[in-house]
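>>> 3D model of this:
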Amino acid sequence: MAYALLWLEALGVSLLLVATLTACTARLRRAGPLVALYALAVFGLLAVHAGAVGVVGYLAMAHSIGRSLFAPVLGLAVCVGVGVFVLCRRGLRCRQDGTRPAASWPRGRLAVVLAAAVAVHAVTFWNLDLAARQRLGTLRTEAGALAMSVAPARVPDRDNAAILYEQAFDRLGPYNKPLAGWQEKWNDWLEPNSTAFDAGDAEFAAFLKQHEPTLRLLRLGAGKPGCYFELEYHDPGLDMIITPPVHFRRAARLLALAARSRAAAGDALGALGDVRTMFVLAEHTASGPLLIAMLSAIGIDRIAFDTLRAVLPPGGPAEAQLAAVRVEPSVSYRRLFQRALRMEEAFRLTCYAAFDGRRGEAGPLWEHGGLPRPVLAAYRVFLLDDDLASHYRLSAEYAALATKPYHQTVGQWRRIEDQIVDGPIGLLTRMLMPALAAASKRAAEGDAVRGVARTALAALRCRAAQGAWPGTLEELVGDDLPAVPRDPFDGRPLRWKRTERGMVVYSIGPDGTDDGGAPFDRKTRAGDIAFDLPDR
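The predicted structure is shown next:
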């Protein structure tokens, strides 16, 4: 109803403006600059309406934005054009005595009515904008409640690993600064199956000795039962995307190098203990309900997985050595992904709320050289409802898909991504809604890595205890392996087979193809997530 009133008022203001200008122009005896100004004003008004039709039509046709606005805007432009034609023709047509009908129109009354119509139109628009800003204000509360619903429980300081991690991160230095020029060597040494690692490098030994206090802090932190970083979950914003996940990745790489150094020195127990620290580090990283934290944790798990394969002693570790490493079976990246989606929704709601026009630390975009106030007001009045509707719809679809196993939803994730690119969704939603198909695949990859690592460790324990590999993975089921993990990429149990390299336990990997345990190629994203267990 309010939009219909706004449409009628816009039509009335446009026609009253033309009628008033026509009445004034009709009294002129001869053509002159004022007649030119009249023509310019009339054509300018028509150009404004035509431009509105063009902009709305472009957004609707090219980007599927504001399709519901096109018909009203086009109808208004047509009505204004017809009205202008009728007023100009009837008002400016010359009579036989040389006068024009519009000369008798009451200019003063028309001007007063025009002023009143403009005021009423402005009040109607202001009321609609006020209602929209009030709705945006409630989004802040909704975003805070949503973020608090997934916030981790506060941990007592004596049990909080974050305190020790922060001390370790301070020793590592700025997250964007390579450690004493070692970044390139790290990249070479930490590649799976790399032969570039040189534990006898004197500079490397000095580097590890320099960071021994950092390593001790990380190992102590991994022994704590919880990890809680102070974040303002009640007021979620982009400032919550902080650097600890980056620090965690650097800490994991340092631990990986330390584990390889220990393994090269014959300290298999210490090397496997550092691998255990890395797996716990990933769990602590994922304790924050942020998508970037979950993705960082998956990356850390991958580093730990590759390091575990690299540090296994020849002939296999003994039972006492295997006791130093364990992969927690209760960690599920699928569940962590569901939680991260809720926090992502809270972030988006906070971004919507920033369009309420208020000044503040997380002020609206126009404060930073972006959108001016009139554009913000027009967005709030005409586009906000459609934007929020598409946001809630897509968020609900994402949340529903995240509860299902990845192999059942691959096609549906792609369909939503196509909808975000080409579908009828809001302007801001198109900019803010992330394409999460890749993140869902990464979550499945993280679950596969942890499942394969747990199964491989169970097989190593079986061989250390019994002197032979198990015939099937079901023989490993026990306290350390409550059940044979399912492969997230096809829903079947993990594979176990003999190859020329020995035994291998594997997931078919993100390409969805069973390559018989072939090593995973990170560049082509092909191959299997496999853990080789050589007969040696």
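>>> So in terms of bridging, what pairs with the closest residue to residue 452 other than its chain neighbours?
For residue 452, ignoring the flanking residues on the chain, the nearest one in space by CB to CB, 6 or more residues apart in numbering is residue 531 at 5.1 Å. Every residue, glycine included, has its C-beta placed from N, CA and C. Taking DSSP bridges as the rule, residue 531 bridges to residue 505.
>>> so what's residue 531 up against?
By CB atoms under 8 Å, 6 or more residues apart in numbering, residue 531 lies in contact with 305, 308, 309, 452, 453, 455, 456, 504, 505, 506.
>>> I'd like those residues as TSV, with distance to residue 322, pLDDT and neighbour count appended.
Shown next, in TSV, are those (distance: CB to CB, whole Å; pLDDT from 0 to 100; neighbours: other CB atoms under 10 Å):
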residue	distance to residue 322	pLDDT	neighbour count
305	16	94	24
308	11	93	25
309	14	90	17
452	16	95	24
453	12	95	24
455	13	95	25
456	11	94	26
504	18	93	23
505	15	95	28
506	20	94	28
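>>> Please flag which of these sit within helices.
305, 308, 309, 452, 453, 455, 456 (DSSP state H).
>>> Make sure the last one is actually in contact with residue 505.
Spelled out, it's residue 456. Yes: between residue 456 and residue 505 there is a contact under CB atoms under 8 Å: 5.2 Å.
>>> Overlap of the contact sets of the two?
With CB under 8 Å, 6+ apart as the test, residue 456 and residue 505 both reach 531, 533.
>>> how near is residue 529 to residue 305?
Going from residue 529 to residue 305 by CB to CB, to the nearest Å gives 8 Å.
>>> Overlap of the contact sets of the two?
Taking CB under 8 Å, 6+ apart as the criterion, residue 529 and residue 305 both touch 449, 452.
>>> mind checking the SS state of residue 121?
Three-state assignment for residue 121 (DSSP: H, G, I helix; E, B strand; the rest coil): helix.
>>> Against residue 387, how distant is it?
Residue 121 is 24 Å from residue 387, by CB to CB.
>>> repeat for residue 498
Separation of residue 498 from residue 387 (CB to CB): 57 Å.
>>> More neighbours: which of these two?
residue 387 (23 against 12; other CB atoms under 10 Å).
>>> Would you state the secondary structure element containing the more buried one?
For residue 387, the element it lies in under DSSP states H and E is helix 384-402.
>>> Pull out the buried residues from that helix.
With burial defined by 16 or more other CB atoms under 10 Å, the residues of helix 384-402 counted as buried are 384, 386, 387, 388, 390, 391, 394, 395, 398, 401, 402.
>>> Looking at stretch 457-467 now, give me its mean pLDDT.
Average pLDDT, stretch 457-467: 90.
>>> Contacts for that stretch next, please.
Contact partners of stretch 457-467, identified using CB under 8 Å, 6+ apart, comprise 312, 316-319, 322, 325-327, 468-470, 473, 475-476, 478, 480-481, 496, 503, 505, 533.
>>> Among the residues you listed, the buried ones, what's the ChimeraX command?
This is the ChimeraX syntax for the buried subset of these, where burial follows 16+ other CB under 10 Å:
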select :312,316,317,322,325,326,327,469,470,473,475,476,480,481,496,503,505,533
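>>> taking the contacts of stretch 457-467 one by one, which sit in helices?
319, 322.
>>> after the helix or strand of the chain with the lowest mean pLDDT, next one along is what?
Within the chain, no helix or strand scores below helix 183-189, which has a mean of 61 by mean pLDDT, DSSP states H and E. Counting by DSSP H and E, the next helix or strand C-terminal to helix 183-189 is helix 202-210.
>>> Identify each buried residue in that next one, please.
So for helix 202-210, counting by 16+ other CB under 10 Å, buried means 204, 207, 208.
>>> tell me which of these is nearest to residue 63?
residue 207 (52.2 Å; CB to CB).
>>> Look at the closest one and report its pLDDT.
pLDDT for residue 207: 80.
>>> For the nearest residue to residue 149 once chain neighbours are set aside, what are phi and psi?
Nearest non-adjacent residue to residue 149, counting by CB to CB, 6+ apart: residue 342, 6.7 Å away. Backbone torsions for residue 342, taken as degrees, to the nearest 10, come to phi -70, psi -40.
>>> Helices of the stretch 151-300 of the chain, start to end?
For the stretch 151-300 of the chain, the helices defined by DSSP state H, counting those that start in this stretch cover 161-172, 183-189, 202-210, 212-222, 244-264, 268-285, 291-311.
>>> Show me how far the fifth one is from its chain's centre.
Relative to its parent chain, helix 244-264 has a centroid offset of 27 Å by CA atoms, centre = their mean, to the nearest Å.
>>> which helices and strands does it pack with?
Contacts defined by 3 or more CB pairs under 8 Å, 6 or more residues apart in numbering; DSSP states H and E place helix 244-264 against helix 161-172, helix 183-189, helix 202-210, helix 212-222, helix 268-285, helix 291-311.
>>> tilt between the longest one and helix 244-264?
Using axes from the mean of the first three to the mean of the last three CA atoms, to 10 degrees, the direction of helix 291-311 lies 0 degrees away from that of helix 244-264.
>>> follow-up on the earlier one: next up, the contacts around the residue nearest to residue 149.
Neighbouring residues of residue 342 by CB under 8 Å, 6+ apart: 146, 147, 149, 150, 289, 399.
>>> Stretch 466-474 spans what distance, first to last residue?
Between the opening and closing residues of stretch 466-474 there is a gap of 16 Å (CA to CA, to the nearest Å).
>>> how much space is there between residue 76 and residue 53?
To residue 53, residue 76 is 9 Å away according to CB to CB.
>>> who's in contact with the residue nearest the centre of the chain?
In the chain, the C-alpha closest to the average C-alpha coordinate belongs to residue 434, at a distance of 4.5 Å (CA atoms, centre = their mean). Residue 434 makes contacts with 291, 344, as judged by CB under 8 Å, 6+ apart.
>>> Regarding it, what is its secondary structure?
coil.
>>> picking that back up, tell me which of the helices of the stretch 151-300 of the chain sits most buried.
helix 268-285 (a mean of 25; mean count of other CB atoms under 10 Å).
>>> counting contacts, what elements does that one pack onto?
So helix 268-285, by 3+ CB pairs under 8 Å, 6+ apart, packs with helix 161-172, helix 212-222, helix 244-264, helix 291-311, helix 319-322.
>>> Relative to residue 283, which of these is closest?
Across the helices and strands packed on helix 268-285, closest to residue 283 is helix 291-311 (CB to CB), at 7.2 Å.
>>> list the contacts for residue 287?
Per CB under 8 Å, 6+ apart, neighbours of residue 287: 152, 226, 227, 228, 293.
>>> Near the closest residue to residue 57 other than its chain neighbours, how many residues? Count them for me, please.
Sequence neighbours aside, residue 70 is the residue nearest to residue 57 in space, at 5.8 Å (criterion: CB to CB, 6+ apart). Counted by other CB under 10 Å, the residues lying close to residue 70 total 16.
>>> Quick check: pLDDT value at residue 70.
88.
>>> Backbone dihedrals for it, please?
phi -60, psi -50.
>>> Check the gap between it and residue 424 for me.
According to CB to CB, residue 70 stands 12 Å off from residue 424.
>>> which residues are common contacts for the two?
In contact with both residue 70 and residue 424: no residue, using CB under 8 Å, 6+ apart.
>>> What about residue 462, how many residues nearby?
18.
>>> backbone phi and psi for it, please?
Backbone torsions of residue 462, given as degrees, to the nearest 10, read phi -60, psi -40.
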